[in-house]
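>>> Okay, predicted coordinates and the sequence, questions at the end:
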Amino acid sequence: MSKLLKFSAETGEKFLTYSLVSVGLGTVIAQVAPHVWFLDNYAGLFQLYKKGFAVEVPSHFETMLSEISDDLAIPVKNPLTRLLTVIGFDTMHFGTTSTTSGCFIGIPVNFNYKSEKDIDKLSIQVGNKSVPWDSKDGIELANSLILSDAAKRFGIAYELSLVDTFKFYLHCFSGPVIVIICGGVNNYFCNIFGLPYRPFPVKGVFYGLLIAFGIGFYYLSKDLITTYYEMQALKNVSKVGEEYITGGLEFYDKLLARNKALRNLLPDGSSEFNTDGDSIYLFRKKHVPITVKKQLLEKELEKLNHSNII
């Protein structure tokens, strides 16, 4: 074996090792940086502004958060859980309750709506166009934005339950675990087949497949972790009582109605939402479908009603 070939193989192996370590650390930093180190800055990117000023969260939502905290037995004072008004019409969460940085629960502006008169229709656009509010889809969209206090309470409770899980940590460590697996696969093929000394096209095909496997496995693990804890959060909230279950059913009914209206209003709406109102994902399953969440709550309500009869 020539010294040049040996040097090339050893250099390639060192480069691969350093690359794997860098990727593993990078996936951890990509999770920790926005949700811990720069939590305020990251959450601020989703803050809703109006006329140059941040839209404040009404004080009664702080009271509601405190009540939800008592119902779920999740402390919101230490570490601190804060509310902010976010862009769009979906609830969000940032950070986790298990770090000193605390977390944010993002509530959409339509949580402030009490009737259709409160909707700022001139500022809402769909597909960069004004909404035809007098059309059937426009009327359904407007109705979907009005929520009862029970539905709002459920939305906040669901997000609070999510930030009080191990989801953040599993997302952090899924990357390094997959890097270790990929490193093990590489070492196996190197030892058995002498991969470092094979022709470049052979190594190129192998590492191309290995990278594709690692990326695919990484996103698959992220989606499995997310969907698992979304279902756990639903179950935790539904255990509190009937008010949360009925609020959740309304919450998801309104989301489905909104998505059905958007399916017709958006130029490419049929590729964004299916006829039931669930989001369409090409390869991944980023979240539990809304219809599945609704079915779970319906089963929980049925169990509760059955136990009350007995």
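Cool, got the structure.

>>> Flag the shaky bits of this structure, pLDDT-wise.
1-16, 196-197, 308-310 (pLDDT under 70).

>>> Quick one: name whatever helix or strand follows the helix ranked longest in it.
For the chain, the longest helix by residue count, based on DSSP state H, is helix 200-238. For helix 200-238, the succeeding helix or strand toward the C-terminus, using DSSP states H and E, is helix 242-265.

>>> Flag every buried residue along that next one.
For helix 242-265, burial by neighbour count (16 or more other Cβ atoms under 10 Å) applies to 244-252, 254-265. In this view, the C-beta of every residue, glycine as well, is placed from N, C-alpha and C.

>>> ok, now stretch 283-298?
Result for stretch 283-298 [16+ other Cβ under 10 Å]: buried residues Val288, Pro289, Ile290, Lys293, Lys294, Leu296, Leu297.

>>> so how far is Asn264 from Gly95?
36 Å (Cβ to Cβ, to the nearest Å).

>>> tell me which element Thr27 falls in.
Short version, using DSSP H and E: Thr27 is in helix 3-32.

>>> neighbouring contacts of the helix or strand following that helix?
Remark: after helix 3-32, the chain's next helix or strand is helix 39-44, criterion DSSP H and E. Defining contact as Cβ atoms under 8 Å, 6 or more residues apart in numbering, one finds that helix 39-44 is touched by Ala33, Pro34, His35, Leu84, Phe94, Gly95, Ser101, Gly102, Cys103, Phe104, Gly106.

>>> if we take the residues you listed, which one ends up nearest to Ile211?
The closest of the contacts of helix 39-44 to Ile211 turns out to be Ala33 (Cβ to Cβ; 23.5 Å).

>>> What residues does the closest one make contact with?
Ala33 makes contact with Tyr42 under the criterion Cβ under 8 Å, 6+ apart.

>>> got it, and His35?
Taking Cβ under 8 Å, 6+ apart, one finds Tyr42, Phe94, Gly95, Thr96, Ser101, Phe168 in contact with His35.

>>> Now with 10 Å, please.
Neighbouring residues of His35 by Cβ atoms under 10 Å, 6 or more residues apart in numbering: 42-43, 93-96, 99, 101, 103-104, 163, 168, 171-172.

>>> Tabulate the residues you listed (CSV), appending distance to Tyr228 and neighbour count.
Below are the contacts of His35 laid out as CSV (distance: Cβ to Cβ, whole Å; neighbours: other Cβ atoms under 10 Å):
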residue, distance to Tyr228, neighbour count
Tyr42, 24, 16
Ala43, 24, 22
His93, 16, 25
Phe94, 20, 24
Gly95, 19, 24
Thr96, 16, 21
Thr99, 21, 16
Ser101, 24, 18
Cys103, 19, 26
Phe104, 22, 26
Val163, 15, 22
Phe168, 13, 23
His171, 12, 20
Cys172, 16, 18
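
>>> For Leu122, state which of those is nearest.
The closest of those, once distances to Leu122 are taken by Cβ to Cβ, is Ala43, at 27.3 Å.

>>> Can you tell me how far that closest one is from Phe53?
When Ala43 is compared with Phe53 (using Cβ to Cβ), they lie 17 Å apart.

>>> What of Leu282?
Taking Cβ to Cβ, one finds Leu282 at 39 Å from Phe53.

>>> and what of Lys299?
Applying Cβ to Cβ to Lys299 and Phe53 gives a distance of 44 Å.

>>> Also Pro267?
Counting by Cβ to Cβ, the gap from Pro267 to Phe53 is 32 Å.

>>> Among the two, which residue is more densely surrounded?
Comparing Pro267 with Phe53 by other Cβ atoms under 10 Å, the one with more neighbours is Pro267, at 11 against 7.

>>> Would it be right to say that that one lies in a strand?
No - Pro267: not assigned to a strand; according to DSSP: H, G, I helix; E, B strand; the rest coil it is coil.

>>> What does it show for phi and psi?
phi -60, psi -40 (degrees, to the nearest 10).

>>> Contacts only, for it.
Contacts of Pro267 by Cβ under 10 Å, 6+ apart are Val126, Gly127, Asn128, Lys129.

>>> now do Asn274
Asn259, Lys260, Arg263, Ile280, Pro289, Thr291.

>>> Wait, the third one touches Gly127, no?
This means Arg263. No - counting by Cβ atoms under 10 Å, Gly127 is not a contact partner of Arg263; they are 11.6 Å apart.

>>> Could you name every residue contacting both of these two?
Joint contacts of Arg263 and Gly127 (Cβ under 10 Å, 6+ apart) are Gly269.

>>> Okay, and Leu83 sits in which element?
Residue-wise, Leu83 maps onto strand 81-86 under DSSP H and E.

>>> And the helix or strand following that strand, what does it pack against?
Sequence-wise, the next helix or strand downstream of strand 81-86 (DSSP H and E) is strand 92-95. Applying 3 or more Cβ pairs under 10 Å, 6 or more residues apart in numbering; DSSP states H and E, we find strand 92-95 packed against helix 39-44, strand 81-86, strand 103-108, helix 149-163, helix 167-193.
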